[in-house]
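>>> Pasting a predicted model and its sequence here:
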Amino acid sequence: MNTVVEKSVPHKSLLVQGYEVVIGFETHAQLSTRSKIFSRAATAFGAEPNTQACAVDLALPGTLPVMNKGAVERAIELGLALGSHIAPRSIFARKNYFYPDLPKGYQISQFEIPVVQGGSVEFYLGDEKKSVRLVRAHLEEDAGKSLHEDFIGQTGIDLNRAGTPLLEIVTEPDMRSTAEAVAYAKELHKIVTWIGICDGNMQEGSFRCDANVSVRKPSAELGTRREIKNLNSFKFMQQAIDYEIRWQIEELEDGRAIQQATVLFNPDTGETRAMRTKEDAADYRYFPDPDLPPLVIDPAWVERVRAGMTELPRVMAARFSAAYGLSDYDATALTQSRDVASYFEASAKACNQPKLVGNWIMGELSRRLNAAEADITTCPVSALQLAQLVTRIQDGTISNNAARQVMDALWAEPDSSVDVVIEAKGLKQMKDAGALEKIVDSVLAANPKNVEEFRAGNAKALNALVGQIMKGSQGKANPQQVNELLRAKLGA
């Protein structure tokens, strides 16, 4: 039996009302195979109920499960992406429990020897680098789905999901705040979608997170955990964990003990509620599945999978830092998705101004996309157009303020070109030094009080003068050139 030994890791903990928060995650990622883990039935979402459950999924007499090779390869990919150990031999077990939507009366999963062991997920929380250790990731089949909404006084059963391949990814209890937990979940979501093993659609149930939450006094033993099941959005995840933390602290402060339980989050009320007492491994009566032989993965198979993998986010971020001179933080931010990374690289190569391109993507472009509830794939401004815009800022043709006006025009009319917009709107910066000097002299003569205040040590007076000069030039003066000229004339 393989075991994972927990090591002591120091944490910078944020105390909540004198309590330390401890969070671990179990995430179910639906693998992107076209067929189920042990049968040829389809996994497509949205089919009519009970049209994609075959005899194998239902465990009808005489049927035998057959392992889906594609599901194994996707598990190997995740292990390679997270620096995990790929078990050369792993086994499947039957996890016994009785729900109406579990047609076999057991779930085929992995227990003693999972296919992926150890590893970690690294991410930034603000500008601080964090790392969450993984215990394991194991292959298993999904259950069906109970339907309550459309049946008055009854429950419908849809077995389309039964047998859908899942990879359950389990962490150590390494997270110490809601913000850290959400950041971890977002990073894991990025990784599984980046390498293409899961589509990450949380609303359809392709990426479901269970958060194990407990609180304790600093340096005390771990508190009793409660598991919040099936969190299907990052927003609800944050709300649910925040509520659960407050609830547990209030219970303890009132002298009541926390009971281990599985709870659900109600987004309408913003509260968690107990669904059932939490089971332990012994309650599931695991035993090796007699119908499935051990899963054997030789090193050559692992290397074939490795050779076919795309460049990983952390590898690409390191390359961006080395090739483009970006900070680790910026490189990580620009590799949050493959689409953003591709957009950045195409634009940076076109104008050879990677830092400016990165700043525009992380700043102005991101702000506009968020406001439009869109992503980079539907951005009306192409990577080449952004490169042209950055080039015109860099060569002094337009100011940053004018560049935002150009962006406005491109956003409204994506077929326009940067140079055409600049010309049509008269946004070119004033390059005639003589004409600019006349405006500066005129402003200085008209504002003797500001001049006197600046010379007396009031730095803000200079800003007032710059504003007047920019107004006099109709915004076409180069702000840096204005500052230099002003300081020269004022003897600063």
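Alright, I've got the coordinates.

>>> in which helix or strand would I find L134?
Using DSSP states H and E, L134 maps to strand 128-141.

>>> What residues sit buried inside the helix of greatest length in the chain?
Looking across the chain with DSSP state H, the single longest helix is helix 234-253. Within helix 234-253, the residues that count as buried by 16 or more other Cβ atoms under 10 Å are 234, 236-245, 247-249, 252. Just so you know, the C-beta spots here come from the backbone N, C-alpha and C atoms, and that holds for glycine as well.

>>> Sort out which one of the residues you listed lies nearest F151 for me.
F236 (24.6 Å; Cβ to Cβ).

>>> show me what contacts the closest one?
Applying Cβ atoms under 8 Å, 6 or more residues apart in numbering, we find F236 in contact with 265, 267.

>>> quick revisit: list the strands paired with the next helix or strand after the longest helix of the chain, with their directions.
Counting by DSSP H and E, the next helix or strand C-terminal to helix 234-253 is strand 261-266. Strand pairing for strand 261-266, determined by DSSP bridges: strand 226-231 (parallel), strand 271-277 (antiparallel).

>>> got the contact list for the last one?
Contact with strand 271-277 is made by 226, 228-229, 240, 243-244, 247, 259-266, as judged by Cβ under 8 Å, 6+ apart.

>>> Now restrict the residues you listed to buried residues only.
For the contacts of strand 271-277, buried by 16+ other Cβ under 10 Å: 226, 228-229, 240, 243-244, 247, 261, 263-265.

>>> now stretch 256-268, how far from the chain's geometric center?
Centroid separation for stretch 256-268 versus its chain: 26 Å, with Cα atoms, centre = their mean, to the nearest Å.

>>> Residues contacting it, please?
Counting by Cβ under 8 Å, 6+ apart, 214, 223-231, 236, 239-240, 243-244, 248, 251-252, 271-279 sit against stretch 256-268.

>>> Report the separation between the two terminal residues of it.
Its start and end residues considered, stretch 256-268 measures 27 Å (Cα to Cα, to the nearest Å).

>>> next one: stretch 31-42
OK, stretch 31-42 end separation, Cα to Cα: 12 Å.

>>> Show me what counts as buried in it.
Buried residues in stretch 31-42, defined by neighbour count with 16+ other Cβ under 10 Å: 31-33, 35-39, 41-42.

>>> CSV please, covering those residues and showing distance to G363.
Formatted as CSV, these follow (distance: Cβ to Cβ, whole Å):
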residue, distance to G363
L31, 36
S32, 33
T33, 39
S35, 44
K36, 45
I37, 44
F38, 49
S39, 49
A41, 47
A42, 44
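
>>> between the residues you listed, which is closest to L60?
Using Cβ to Cβ, the buried residues of stretch 31-42 come closest to L60 at S39, 11.2 Å.

>>> Distance check, the closest one against F98.
Look at S39 and F98: by Cβ to Cβ, to the nearest Å, they are 22 Å apart.

>>> Equivalent analysis for P294, please.
27 Å.

>>> And for Y106?
Taken as Cβ to Cβ, the span from Y106 to F98 is 9 Å.

>>> Looking at those two, which has the bigger crowd around it?
Higher neighbour count among Y106 and F98: Y106, with 20 against 7, using other Cβ atoms under 10 Å.

>>> for the more buried one, phi and psi?
phi -150, psi 160 (degrees, to the nearest 10).

>>> That one against K95, yeah?
Yes. Using Cβ atoms under 8 Å, Y106 makes contact with K95 at a distance of 6.1 Å.

>>> which residues are in contact with both of those two?
What both Y106 and K95 touch, as defined by Cβ under 8 Å, 6+ apart, is an empty set.

>>> coming back round to it: turn the buried ones among the contacts of strand 271-277 into JSON lines, including pLDDT and distance to P448.
Below are the buried ones among the contacts of strand 271-277 laid out as JSON lines (pLDDT from 0 to 100; distance: Cβ to Cβ, whole Å):
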{"residue": "R226", "pLDDT": "96", "distance to P448": "71"}
{"residue": "I228", "pLDDT": "97", "distance to P448": "67"}
{"residue": "K229", "pLDDT": "94", "distance to P448": "72"}
{"residue": "A240", "pLDDT": "97", "distance to P448": "63"}
{"residue": "Y243", "pLDDT": "97", "distance to P448": "62"}
{"residue": "E244", "pLDDT": "97", "distance to P448": "65"}
{"residue": "W247", "pLDDT": "96", "distance to P448": "66"}
{"residue": "A261", "pLDDT": "93", "distance to P448": "75"}
{"residue": "V263", "pLDDT": "95", "distance to P448": "71"}
{"residue": "L264", "pLDDT": "94", "distance to P448": "71"}
{"residue": "F265", "pLDDT": "95", "distance to P448": "65"}
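
>>> With adjacent residues omitted, what lies nearest to the residue most central in space within the chain?
In the chain, the residue lying closest to the centroid (Cα atoms, centre = their mean) is K186, at 2.7 Å. In space, and not counting its chain neighbours, K186 is closest to F234: 6.2 Å by Cβ to Cβ, 6 or more residues apart in numbering.

>>> swap in T272?
Nearest to T272 is V263, by Cβ to Cβ, 6+ apart, at 4.4 Å.

>>> Please work out which of the strands paired with strand 261-266 is packed deepest.
Highest mean neighbour count of the strands paired with strand 261-266: strand 226-231, a mean of 20 (counted as mean count of other Cβ atoms under 10 Å).

>>> Next, the angle helix 234-253 makes with that one.
160 degrees (axes from the mean of the first three to the mean of the last three Cα atoms, to 10 degrees).

>>> Could you export strand 226-231 as CSV, keeping only the C-alpha atoms?
Output of strand 226-231 as CSV, limited to C-alpha atoms (Å, rounded to 0.1, in the frame of the first residue of the first chain):
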residue,chain,number,x,y,z
ARG,A,226,-17.1,20.2,7.4
GLU,A,227,-17.1,19.5,3.7
ILE,A,228,-19.0,22.0,1.5
LYS,A,229,-20.1,19.9,-1.6
ASN,A,230,-20.4,20.8,-5.2
LEU,A,231,-19.3,24.4,-5.4
